[in-house]
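Undergrad: the following comprises the amino acid sequence and a computationally predicted model.
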Amino acid sequence: MKLSKMIKTLAFGACIGTGLISNANAGILDVIKSSGDANIVLTYFNRDMGTTYNFNAIGDEDTWGVAYVTVIDANDNGTPDYVFGAGGEFLTIMFHGGHDTSTTLASATVNSVTAPFQITATAGVVMDVYLTTTNPFTAGQFAPNGSADRSGNTYANVTTGTKVLSLTSDSFQTFFNASTSGTGNAFFSVDAGNSDATWASLFDTNKQNGGLSDLHVQFTTNIPAPSDWLVTSNDPARGFIAPLPGAASMGFGLLGLIGLGRKRRAA
């Protein structure tokens with residue numbers, strides 16, 4: 001291969017990896033990298049087990065669930081950079097271990113509805129994120145069998161890939177009414193020791209919750225849900241992606257080499 005052609009090939013690959021050139025067929029990790037030094041939004045579909053008006057269930061696991069990412073907006077500009085299944089890749093999520101620390105029943109206005117809501121604070125929620133090529137749907141449905149498909153902290157067709165991120169909740173609050181459903185708000189921080197190093201370095205930025213957290217998760221839940229699931233939701237998680245050290249400079253440096261090759265040919 002001629003030197004000039006090799007330089008162009010290397011530069012093009014580096015620019016795709018750093019987001020300098022968009023690529024509709026780029027993998028999920030490349031899409032996330034392209035967000036470097038910007039907000040990112042991951043929209044997810046979730047099924048959740050929770051505690052319904054059970055004020056004595058404090059201390060044990062009170063909430064867990066599974067989810068998959070439907071859309072990634074790498075620059076928080078309203079334009080999808082990844083949609084479910086693109087490139088044959090999927091991001092799936094299992095969260096578990098959450099235990100209620102307080103729960104009260106009080107009148108509240110949620111989604112323009114004023115009613116008695118169970119207001120619950122939950123701690124210790126672990127969110128494990130998997131990169132997989134296995135479609136998480138079973139017979140055309142997501143997690144249709146509820147708790148029957150859970151084994152420990154694994155779930156059929158959800159935890160089948162490579163765990164790339166693990167996060168732990170910093171705060172987690174929900175409002176729930178058995179008739180009108182509810183809403184929730186949570187902040188998570190990356191557990192670098194249980195995450196892939198590259199993914200951890202991208203997401204571990206402390207840009208949420210006043211500099212205390214890495215991911216802001218919001219959800220508006222709907223009922224009924226299939227099987228023994230309590231609720232479902234389809235909502236955003238917002239983070240901030242750090243540029244990988246030296247990635248941008250490598251891309252621009254190789255672009256400079258292209259220019260140098262052109263100058264040499266002109267001479």
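TA: Received the coordinates, thanks. Numbers count the residues shown, from 1 in each chain.

Undergrad: the longest strand that the chain contains pairs with which strands, and in what direction?
TA: Residue-count comparison of every strand in the chain, with assignments taken from DSSP state E, identifies strand 90-110 as the longest. The pairing partners recorded for strand 90-110 under DSSP bridges are strand 63-73 (antiparallel), strand 113-123 (antiparallel), strand 126-132 (antiparallel).

Undergrad: dump the first one to CSV, keeping only the CA atoms.
TA: Spelled out, that is strand 63-73. Included here for strand 63-73 are C-alpha records, laid out as CSV according to Å, rounded to 0.1, in the frame of the first residue of the first chain:
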residue,chain,number,x,y,z
THR,A,63,-37.2,-3.0,43.6
TRP,A,64,-35.5,-4.5,40.6
GLY,A,65,-36.1,-4.7,36.9
VAL,A,66,-34.8,-4.9,33.4
ALA,A,67,-34.5,-2.5,30.4
TYR,A,68,-33.1,-2.0,27.0
VAL,A,69,-31.9,1.1,25.3
THR,A,70,-34.1,2.2,22.4
VAL,A,71,-32.3,5.4,21.2
ILE,A,72,-29.0,7.1,21.8
ASP,A,73,-28.7,10.8,21.2
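
Undergrad: contact partners of the helix or strand just after that strand?
TA: Sequence order places strand 82-83 as the next helix or strand after strand 63-73, per DSSP states H and E. With C-beta atoms under 8 Å, 6 or more residues apart in numbering as the test, strand 82-83 has contacts from Ile28, Val31, Val69, Thr70, Val71, Ile72, Ala74. Every C-beta, even on glycine, is put in place using the N, C-alpha and C of the backbone.

Undergrad: I'd say the first one and Ala74 touch.
TA: No: the pair Ile28 and Ala74 does not pass the contact test of C-beta atoms under 8 Å, sitting 10.2 Å apart.

Undergrad: between the two, who's got more neighbours?
TA: Just comparing Ile28 and Ala74: by other C-beta atoms under 10 Å the higher neighbour count belongs to Ala74, 25 against 20.

Undergrad: any idea how far Ile40 is from the more buried one?
TA: Distance, Ala74 to Ile40, by C-beta to C-beta, to the nearest Å: 6 Å.

Undergrad: where do the contact lists of the two overlap?
TA: Contact criterion C-beta under 8 Å, 6+ apart; residues shared by Ala74 and Ile40: Ile32, Ile241.

Undergrad: which stretches of this protein form strands?
TA: Across the chain, reading from the start of the chain, the strands by DSSP E fall at 38-49, 63-73, 82-83, 90-110, 113-123, 126-132, 137-138, 141-142, 150-151, 154-155, 162-177, 181-190, 215-222, 231-241.

Undergrad: residues contacting Thr154?
TA: By C-beta under 8 Å, 6+ apart, the contact set of Thr154 is Met94.

Undergrad: so for it, what's the pLDDT?
TA: Thr154 is assigned 97 on the pLDDT scale.

Undergrad: so what's it bridging to?
TA: Here Thr154 sits in beta bridges with Ser151, as judged by DSSP bridges.

Undergrad: nearest residue to the middle of the chain?
TA: Centroid-nearest residue in the chain: Leu42, 5.2 Å away (criterion: C-alpha atoms, centre = their mean).

Undergrad: distance check, Phe175 against Ser201.
TA: 35 Å.
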